[in-house]
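Q: how would this look folded up:
(2 chains)
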Amino acid sequence: MYQDELLAKIEEAGLVGRGGAAFPVHLKWQRIKSLKNPKKYVVCNASEGEIGVEKDLYILKNYPEEVIRGLLLAMDFLGTKEAYINFNKDYYQATKNKIDPLLDLCRKKGYLVSIFQEEPSYIGGETGALLNAIEGKKTQPRPESPSPSLKGIFGYPVLLHNVETLYDIARVSMGTFKATRFSTILGVRNEGVYQFGIKQKVADILRETNNYPEFPFFVQVGGGASGEILTSDQAEQAVVGGCGSIEIYKTSTSSKQFLDKIFNFYAKESCGKCTPCRDGSWQLQQMLAEIEEGSEITWQKIAPIIKVMEKSSYCGLGKSIALPVKSYAKNILGIEI
Amino acid sequence: MPNTITVYIDGQAYQAEEGQSILQVAMSNQLDIPHLCYHEDLPIEANCRLCLVESEGKITTSCTLKASEGMKVSTKNEELVEMRQENLRLLLASHVKNCPKCQKKQPCPAFGLMQKYGVTSEEYQRKMLDLAVHKMGSAAEFDPNLCVKCGRCVNICAEIGINFLKIEGKGADAHLTYNQNPKVDCIYCGQCTVHCPVNAIREQSHLEQVEAALLDKDKILIAQMAPSVRTSIGEEFGQEVGLNMEKKMFTALRQLGFEKIFDVNTGADITTMIEAKDLSNRLKKRDAGEATALPMFTSCCPGWVKFLEFYYPDFIDHLTTARSPQIHSGAAYKTWWADKAGVDPSKIVVVSIMPCTSKKYEAEMEKFNFEHKGHKLKPVDFVLTTREMATLLKKNQIDLPSLEESEADTEGEYSGAAAIYGASGGVMESALRTATHILTGEEMPNLELEEVRGMKGIKRATIKIGDKEIKVAVVATARNARNVLEEIKRNKEAYDYVEFMACPGGCIGGGGQPLTSTNAIIKKRIAGLYSIDAKKNRRRAHENKVVREFFSYLTDKPLLAEKILYTSYSAKNKFE
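A: Down below sits the predicted model:
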């Protein structure tokens, strides 16, 4: 297929990045193609770090040919022969029997696809951090400018795609693309990764997969840590945004239980670079540890830290704590923080 | 020339250069935006999150926000102030109770910020890590439990060319530590201490010992101030940068209770004499076809010497055998002056005031100790940094700028050549002035060797001494030293004489200097030093009468002379 034709099809299909930011794929392609640099790289991010999100692993296990095909298409489009896969170390171990032979084939065709095995972490999936890691630097985020499309690794532009995006690209090229996405569904009878239409409502997905709870529940959509908290009523209208996950909680889950999960995740995953995320997440964890089960949550102490993390963290990781905490407080407890 | 643009900060128009950050624009217009991790000479880390401003409804850090034409920025709305406070509370949690300076009510940079923003450091408890204070030799130390992970020390250590310091760990476990590589060691330059905004990395303090000595009626206290201190200590008292505070410092030292006010500059003239002689001898030997280690290297910077002894021990024969100024003069006081004044040398306490932390390490070196009149003596007893001296003055309510001027005691005489020791290139210039005299019997016609002056990291020149052409290089920082040493490995005849300093700009940019240090400020301090030289009647070390008197005292004491004028070097291990 000619490259212009593929680009037109990608645009027509309305393909957006599946790493979470949902940036239109064709725009990213055009922007990097227009750069005159002598060298460019394609990087596949296979390092989802959110709690309970395993859709990339699922795709790698079930559709490795598509992922590698998408990668080669992207390389051809840019006219480059070099690519990296930023691989969650455990994912690589689980899929290498399928991935390695495919990469050998690529090599025979003259494509050099290198595997970078990453210690599983949330920050390791952050764009700047993963590029730093590939360069052998500290796994910490980068300044917003210059963007990775201009200076990605070793000073050259990088076209960065999530596993699922590459899968979608391959599907477009094969003429089998459907506007779907993958999500992990947790806290239900039949936990697992499912594929469904992008416009399908959360509650409908639960019904169709025979997972709709028989107990009163609330749900977290778009990441087991950073996803938004919705009531079962709100789930009737909501679609999956952010990264692909739907997690069900019993309404009987206490505030302490819920916040413990969130705060522990952020305290553990903060890379330690900036003040609000590094020290704020630890303070939150401490505060909650001091609250006994059943006691009042000290929102007046928690709120200023959530705010400063949301408004002044260096990268998206720290900022993202606000959505689950605020939506939980508002939708489930009826309080604005 | 960059384009000039207009930006609006809190409604007021300011001229800015394209490419400048809003923080830079604010700072150059004396607008106050708090910041801890930003330093104008270092890479932008943007991790303290204190310099927040609002632009187009978005809160962002002003250190990363590039000024653009017509940009409107707000620096003081309520939300911003609240968030800066919150970040400051998080960052400085438990600071006061862990900070030795705050505990002693001494000025600590972080304390100023806390006062300004109404933060006590007790709002939150800090996660205390099970990490001890790490001592860098006897020069400096760092406390990981005070560190705010701003990265300034790590960046300056890399900039100097050492990469000893690093931050390890994730989240609240992120902590300052050092490079475990056995081939990497600290050279005690103390640049980390002058770049730490929260006193987590600091000099190993000698303040308490000096205060105790000042109260000891049985001791004779001698103060000697390094060349660089006089044009930098004023900054601690809000004086114009580069202003020479020498004569007020002499008064201040007397007020503190020092009995004799001498000067490291006198020591610098002694060093120049020995070093120029060493250079002349080596050049003559080479001319006579005898084996000798050339190029000769200066040895007055203990950071540099440690660097060479650790990283390039094969080169140690190239170091001049001259001791350094404070060690020369310290021993002179305890021998020549003590005999002359009829005092017991073991009662003398020599306190150096230095722009440097490695001078603390140097003062402790066993190899400099000597015997005189049956006493085992060390040339220098204590070393205070410029910062420590300022602290001592403030503690004693001595307002330096308002003092009367006075002179040093007679034995504190010095030449213009000594004054410029503080600037990178100064040691070389001083030595060449005297070497010319030794080699030709004539005086150097042009005393200003412009090619070896200034802030450039490597300066090269060819200097005429009589009919000889001497190839010289002047090098500042370990990074540049490495380059020049590698060059010398490739071409053994590249140079005849090389001056090396660990710090940018030389001692004047030293690790013991006021925290106000930046390259721009160091330049102004340097100008101050050269103007002292230019105004001196005697501008050559060999014209110093006190030094001549000291040497004539030594003429019939060759063993003592050998012991207190010269030194030797040895390969060093990590942490040695």
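
Q: What residue spans form the domains of chain B?
A: Domains of chain B are assigned by automatic domain parsing as B:4-91, B:95-203, B:207-267+B:324-414.

Q: which one of these lies closest to A:Lys61?
A: Comparison of those against A:Lys61 by CB to CB identifies domain B:95-203 as nearest, at 28.7 Å. For glycine as for every other residue, the C-beta is placed from the backbone atoms N, C-alpha and C.

Q: Quickly check: that closest one near chain A or not.
A: Yes - applying CB under 8 Å from any CB of the partner chain, one finds domain B:95-203 touching chain A at B:Tyr124, B:Gln125, B:Lys127, B:Val148, B:Lys149, B:Ile167, B:Gly169, B:Lys170, B:Gly171, B:Ala172, B:Asp173, B:Ala174.

Q: Am I right that B:Ala252 is in contact with B:Lys394?
A: No - if you go by CB atoms under 8 Å, B:Ala252 and B:Lys394 don't touch, sitting 10.8 Å apart.

Q: Please say which of those two ends up with more neighbours.
A: B:Ala252 (23 against 15; other CB atoms under 10 Å in any protein chain shown).

Q: what separates the helix or strand encompassing the more buried one from the chain centre, distance-wise?
A: Assigned by DSSP states H and E, B:Ala252 belongs to helix B:246-256. Put simply, helix B:246-256 sits 21 Å off its chain's centre (CA atoms, centre = their mean, to the nearest Å).

Q: next one: phi and psi at A:Leu166?
A: phi -60, psi -40 (degrees, to the nearest 10).

Q: swap in B:Phe262?
A: phi -110, psi -160.

Q: what sits against it?
A: B:Ile222, B:Ala223, B:Gln224, B:Ser329, B:Tyr333, B:Trp337, B:Ala408, B:Asp409, B:Glu411, B:Gly412 (CB atoms under 8 Å, 6 or more residues apart in numbering or on different chains).

Q: Number of residues surrounding the closest residue to the fifth one other than its chain neighbours?
A: The shortest distance from B:Tyr333 to any residue that is not its chain neighbour, by CB to CB, 6 or more residues apart in numbering or on different chains, is 5.4 Å, and that residue is B:Ile222. Neighbourhood size, B:Ile222 [other CB under 10 Å]: 27.

Q: the strands in chain A, which residues?
A: A:41-46, A:82-88, A:112-118, A:158-162, A:180-186, A:192-197, A:217-221, A:228-231, A:245-250 (DSSP state E).

Q: In contact with the nearest residue to A:Gln30 once chain neighbours are set aside, which residues?
A: Excluding the flanking residues, the one nearest A:Gln30 by CB to CB, 6+ apart is A:Leu7, at 7.2 Å. When contacts are counted by CB under 8 Å, 6+ apart, A:Leu7 touches A:His26, A:Trp29, A:Gln30, A:Phe77.

Q: Just give me the neighbour total for whichever residue of the stretch 201-350 of chain B sits closest to chain A.
A: Closest residue of the stretch 201-350 of chain B to chain A, CB to the nearest CB: B:Ile201 (18.1 Å). For B:Ile201, the neighbour count with other CB under 10 Å is 29.

Q: What of the one 4 residues further on?
A: Summarising burial for B:Ser205: neighbours were counted as other CB under 10 Å, giving 20.

Q: same deal with A:Glu12?
A: 11.

Q: Check the gap between it and A:Thr180 for me.
A: Between A:Glu12 and A:Thr180 the computed distance is 16 Å (CB to CB, to the nearest Å).

Q: again, but for A:Asn190
A: From A:Asn190 to A:Thr180 the distance is 18 Å (CB to CB).

Q: same check, this time on A:Ile85
A: 23 Å.

Q: Could you do A:Tyr328 as well?
A: From A:Tyr328 to A:Thr180 the distance is 29 Å (CB to CB).

Q: Those two: who's more crowded?
A: Legend: neighbour count by other CB under 10 Å for A:Tyr328 and A:Thr180, higher for A:Tyr328 (23 against 16).

Q: List the contacts of the more buried one.
A: Contacts of A:Tyr328 (CB under 8 Å, 6+ apart): A:Ile229, A:Ser255, A:Phe258, A:Leu259.
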